[in-house]
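Q: For reference, the sequence and a predicted model appear below.
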Amino acid sequence: MLENNAETLLEVKGLKVYFPTKLKINGEQVIVKAVDDISFSVKKGETFGLVGESGCGKTTAGKAILRVINPTEGNVVYEGHDIAKVPMREIKSIRRELQLIFQDPYSSLDPRQSVFSILKEAIVCDRKRHSSSEIKERADELLRLVGLDPFMSDRYPHEMSGGQRQRLGIARALACNPKLIVCDEPVSALDVSIQAQIINLFEELQKKLGLTYIFIAHDLAVVRHIADRIAVMYLGNIVELMDSCELFKNSQHPYTKALLSAVPTVDYYEEKNRKRILLEGEIPSPLRTPKGCPFHPRCPKATSVCKEQKPELRKTGENHFTACHNP
Amino acid sequence: MSETKKLLEVKNLRTSFFFGGKEVKAVNDVSYYINEQEIVAVVGESGCGKSVTQMSVMQLVQTPPGKILGGEVLFEGKNLLDYKPKSREMQAVRGAKIAMIFQEPMTSLNPVYTVGSQITEVIRRHKKCTKKEAWELGVKALSDVGIPDPEARMKNYPFEMSGGMRQRALIAIAVACNSKLIIADEPTTALDVTTQAQVMELLLKIVETMHTSLLIVTHNLGLVSRYAQRIYVMYAGRIVESGTTEDLLIHPAHPYTIGLLKSVPKLEERQGEQLIPIEGSPPNLAKLADYCAFCPRCPYATEECRTRPAPELRSVDGKLHFTACHLEAIPEEGK
């Protein structure tokens, strides 16, 4: 579906993550299809945004890519290795190049470890010999890289502000020189004025270190700002995949359009002229995903085809793919 | 504007918290008002005192460590601060005439009682009616806020409802009691964007049809731009700028407001546009200096800002637009 050119760093093919439940409906075991057959590729040095509302499977997708959760089916090809298939004992050496940054800097840092000890743990995990002065030097370097003062290394997480903690989380992720970082809602717990600082830091680091990001967030404006390409997820499916500049001008899927119109913008005049599409109802429970197009019960454009047939992601423009029968 | 009636007027409100002999000035000389049928927003980052201000109005500040030190809260011609927090008069206002909606609806509903019993409890407290009448009022309120199958939903426990529906149930309580003012403290922060839009449209409809006033406390500038008529911006326990939504978003006068507007990503921005963050982090309220609290983070601060006492609100255009800044004009390129 996507062109497989030389720059591709990571390729996700037909990824499925199913969770079995104990629930039975009509004697049949109910399976939660958290991620249901998604495919995309991430190019080297780009930022790939995954957006969607809670429960759409964006975090599960991110975790399955790093194999924090075992995928049910599909391939995640990274530099010739299929992360989804390699034996567990080999995964550790690959995973060093793939890091994860979490939403809540409060709960992703051990409150009983000092900043230095948090960083040291990540620095020495490559199992090479490090002298203590080397470790100290590297820790200071990492702190400076994320805009923290090296004297902070004696502090504990509770002595830091939310923004500083998120910077520390980033420093820890950078410790083993990763190539790809999966950022799971890295700025949504931060205040507005701090959010911009962290977003700029992400962009700066990308330029400096040539990083590739998979940026998972629910805030369309943030993803729109940082990502080069965006995939919109709904109930475990990618419903639209496009260049981020297309999002505002030329989105085609009715869900993307509704999502966009639901986000209020700061621009006062723009806001006054905008048409609002109000979706009816709520996201259906993943236990009872509707037949056909997952969005059809809430879709203003749904026809009888939508109730029967699940639309495939197909090309609707340059680098633009939409999964809709009548876009 | 002058012919519209002020519903709530807060004058020089001061609330502090005392920890180990230290005073934390959470609300420092805050004045604001809200007219009948008006939608007003209080904007600020966490810890700026926006929630404590509302808690002080409702007299829900925990004492100790908190204490309302002074000021007036005029509601329907009476000063609410004259009443004791637990007095009959205050209880008649709280929850009935002024309803409050909090961020996380799960924590403001009791998990071990059905939604119906919690709604009827409030109705029976404020209205003389039988249990059956209260139940019917509750069902009507639930259907008014757009909950399908309200009869059955009355018998549900909070955990059986989704976040958006729980928030609607809380709004239903305000609707059932014919509240004059709804204070919504971060009403949609815990909700998804499409649900957020639904809840906000519902609140808007209630303001229009039931002639209520709405005070939104939020950090989301987009929300404010869409729904509010007037805005108060708070920073470190003070109001630093106030005015109509258009004034504030198009011609911001305070460096903090200008900074906030520049630091949020916009949906329709050009590719490669950079965000300009406000450097540093919000001040510690226990260690506030006498001068302007925003001064250490302000790109335009002059020596004067550090030597003169904290600035008072002054009018920018002779009308409703006020700012608390010493600087007469912010350099054009800054905007």
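A: Looks like it arrived, so ask away. Residues are numbered from 1 along each chain as shown, chains lettered A, B, ... in the order given.

Q: Which residue ranges of the chain form strands?
A: Looking at chain A here, since you left the chain open. Assigned by DSSP state E, the strands in chain A fall at A:8-25, A:28-43, A:47-51, A:73-78, A:81-82, A:98-101, A:180-184, A:212-217, A:229-234, A:237-243, A:314-317, A:320-322.

Q: nope, chain B please
A: Shown for chain B, the strands assigned by DSSP E span residues B:6-19, B:22-35, B:39-43, B:66-75, B:78-79, B:98-101, B:181-185, B:213-218, B:230-235, B:238-244, B:314-315, B:322-323.

Q: ok, the residue of the stretch 51-200 of chain A at minimum distance from chain B - contacts?
A: With CB to the nearest CB, the shortest gap between the stretch 51-200 of chain A and chain B falls at residue A:196, namely 3.5 Å. C-betas here are computed from N, CA, C, even on glycine. Listed by CB atoms under 8 Å, 6 or more residues apart in numbering or on different chains, the contact set of residue A:196 reads B:262-265, B:275-278.

Q: Please indicate which of the residues you listed are buried?
A: Listed as buried from these are B:262-265, B:275, B:277-278; burial here means 16 or more other CB atoms under 10 Å in any protein chain shown.

Q: what two of those are the furthest from one another?
A: Largest separation among the buried ones among the contacts of residue A:196 by CB to CB: B:265 and B:278, giving 14.3 Å.

Q: follow-up on the earlier one: just the ones of the buried ones among the contacts of residue A:196 in helices?
A: Using DSSP state H, B:262-263 are the members of these that sit in helices.

Q: could you pick out which of the buried ones among the contacts of residue A:196 are near chain A?
A: Near chain A, judged by CB under 8 Å from any CB of the partner chain, the entries from these are B:262-265, B:275, B:277-278.

Q: Put together CSV for those, with pLDDT and distance to residue A:66 on each row.
A: Formatted as CSV, those follow (pLDDT from 0 to 100; distance: CB to CB, whole Å):
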residue, pLDDT, distance to residue A:66
B:262, 86, 35
B:263, 86, 30
B:264, 85, 30
B:265, 83, 26
B:275, 84, 28
B:277, 85, 29
B:278, 86, 33
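
Q: want to throw the strands of chain A into JSON lines with distance to chain B, mean neighbour count and mean pLDDT?
A: Putting the strands of chain A into JSON lines (distance: least, CB to the nearest CB, whole Å; neighbours: other CB atoms under 10 Å in any protein chain shown; pLDDT from 0 to 100) gives the following:
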{"stretch": "strand A:8-25", "distance to chain B": "16", "mean neighbour count": "16", "mean pLDDT": "89"}
{"stretch": "strand A:28-43", "distance to chain B": "16", "mean neighbour count": "19", "mean pLDDT": "89"}
{"stretch": "strand A:47-51", "distance to chain B": "10", "mean neighbour count": "26", "mean pLDDT": "93"}
{"stretch": "strand A:73-78", "distance to chain B": "27", "mean neighbour count": "19", "mean pLDDT": "91"}
{"stretch": "strand A:81-82", "distance to chain B": "33", "mean neighbour count": "14", "mean pLDDT": "87"}
{"stretch": "strand A:98-101", "distance to chain B": "18", "mean neighbour count": "23", "mean pLDDT": "90"}
{"stretch": "strand A:180-184", "distance to chain B": "15", "mean neighbour count": "24", "mean pLDDT": "93"}
{"stretch": "strand A:212-217", "distance to chain B": "11", "mean neighbour count": "25", "mean pLDDT": "93"}
{"stretch": "strand A:229-234", "distance to chain B": "10", "mean neighbour count": "25", "mean pLDDT": "93"}
{"stretch": "strand A:237-243", "distance to chain B": "9", "mean neighbour count": "24", "mean pLDDT": "92"}
{"stretch": "strand A:314-317", "distance to chain B": "17", "mean neighbour count": "13", "mean pLDDT": "89"}
{"stretch": "strand A:320-322", "distance to chain B": "16", "mean neighbour count": "21", "mean pLDDT": "92"}
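
Q: so can I have JSON lines of those strands showing distance to residue A:109?
A: Putting those into JSON lines (distance: least, CB to CB, whole Å) gives the following:
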{"stretch": "strand A:8-25", "distance to residue A:109": "27"}
{"stretch": "strand A:28-43", "distance to residue A:109": "27"}
{"stretch": "strand A:47-51", "distance to residue A:109": "24"}
{"stretch": "strand A:73-78", "distance to residue A:109": "27"}
{"stretch": "strand A:81-82", "distance to residue A:109": "29"}
{"stretch": "strand A:98-101", "distance to residue A:109": "11"}
{"stretch": "strand A:180-184", "distance to residue A:109": "15"}
{"stretch": "strand A:212-217", "distance to residue A:109": "19"}
{"stretch": "strand A:229-234", "distance to residue A:109": "28"}
{"stretch": "strand A:237-243", "distance to residue A:109": "32"}
{"stretch": "strand A:314-317", "distance to residue A:109": "43"}
{"stretch": "strand A:320-322", "distance to residue A:109": "38"}
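
Q: hmm, back to that, out of the strands of chain B, which is closest to residue B:138?
A: Closest to residue B:138 of the strands of chain B is strand B:98-101 (CB to CB; 14.6 Å).

Q: ok now the closest one, how far from the chain's centre?
A: From the chain centre to the centre of strand B:98-101 is a distance of 10 Å (CA atoms, centre = their mean, to the nearest Å).
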